[in-house]
Every structure is written in structure tokens, then in C-alpha cells.
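**Q** quick one, fold the following:
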Amino acid sequence: MFVLAKRNIILPGPEGKQALRLRRGMVEFLPDWAAETDYFKALTADGKIVVSGTKDRDIQAAEEKKTRVRRGKETTEE
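**A** Modelled structure (predicted):
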């Protein structure tokens, strides 16, 4: 998932082995393990991290749909 950090944040990894750095004002990719932490959930509840509404599979599904123009109107094949 993609997130926008409103502050510089370091998310500690599981068991303290790794950490993820989020930079203020940057849209960055967030691995699944980071989204499951209590700290991440608290930061999103406070509004310090904003989660993007789009997901990779949504983007891929939109690209797969074919669009045709017929008499000036767009139609989508499904």
C-alpha cells in the first residue's frame, strides 16, 4: 500500500530486526508487516499517516478494461 507521511517517522519492524523510515511529505510504499503494527494504526488514527485509497490490484484492473469510443460516447468492455 502507499502512504503519505505528514512527519518524519520510523516504524520499528517485527522483533526489532528492521525499521522502515517514512519521510515527511513523501508518498511511499509500505510493506504488509508495517501496516499490521499497533504503532502504524495509532499514527493513522491521529492523522500523521494518510493511507492512499488506491491499491495495486485496483490500478491493474483499471488498465485491463478496454475503452471504446462509439459515436462520441465511451463504452467499457467487461
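
**Q** ok, the nearest residue to residue 43 once chain neighbours are set aside - how many residues close by?
**A** Nearest residue to residue 43, sequence neighbours excluded (CB to CB, 6 or more residues apart in numbering): residue 49, at 4.5 Å. For every residue, glycine as well, the C-beta is placed using N, CA and C. Using other CB atoms under 10 Å, residue 49 has 23 neighbouring residues.

**Q** my guess is residue 49 contacts residue 9. True?
**A** Yes. Shown here, residue 49 and residue 9 form a contact pair, counting by CB atoms under 8 Å, at 6.9 Å.

**Q** which residues do those two both contact?
**A** Common neighbours of residue 49 and residue 9, using CB atoms under 8 Å, 6 or more residues apart in numbering, are 22, 43.

**Q** residue ranges for the helices of this protein, please.
**A** Counting by DSSP state H, the chain has helices at residues 32-35, 38-46, 56-64.

**Q** for this structure, what spans make up the strands?
**A** Using DSSP state E, the strands found in the chain span residues 2-5, 9-12, 19-22, 27-29, 49-51, 66-70, 73-77.

**Q** state the pLDDT value of residue 58.
**A** Here, the pLDDT recorded for residue 58 equals 55.

**Q** look up how far residue 27 lies from residue 50.
**A** 9 Å (CB to CB, to the nearest Å).

**Q** should've said residue 35
**A** Distance of residue 35 to residue 27, computed by CB to CB: 15 Å.

**Q** more neighbours, those two?
**A** The residue with more neighbours, out of residue 35 and residue 27, is residue 35; 15 against 12, by other CB under 10 Å.

**Q** which strand residues bridge residue 12?
**A** residue 19 (DSSP bridges).

**Q** doesn't residue 19 make contact with it?
**A** Yes. Between residue 12 and residue 19 there is a contact at 5.3 Å, judged by CB under 8 Å.

**Q** and for these two, which residues touch both?
**A** Contacts common to residue 12 and residue 19, judged by CB under 8 Å, 6+ apart, are absent.

**Q** all set, thanks.
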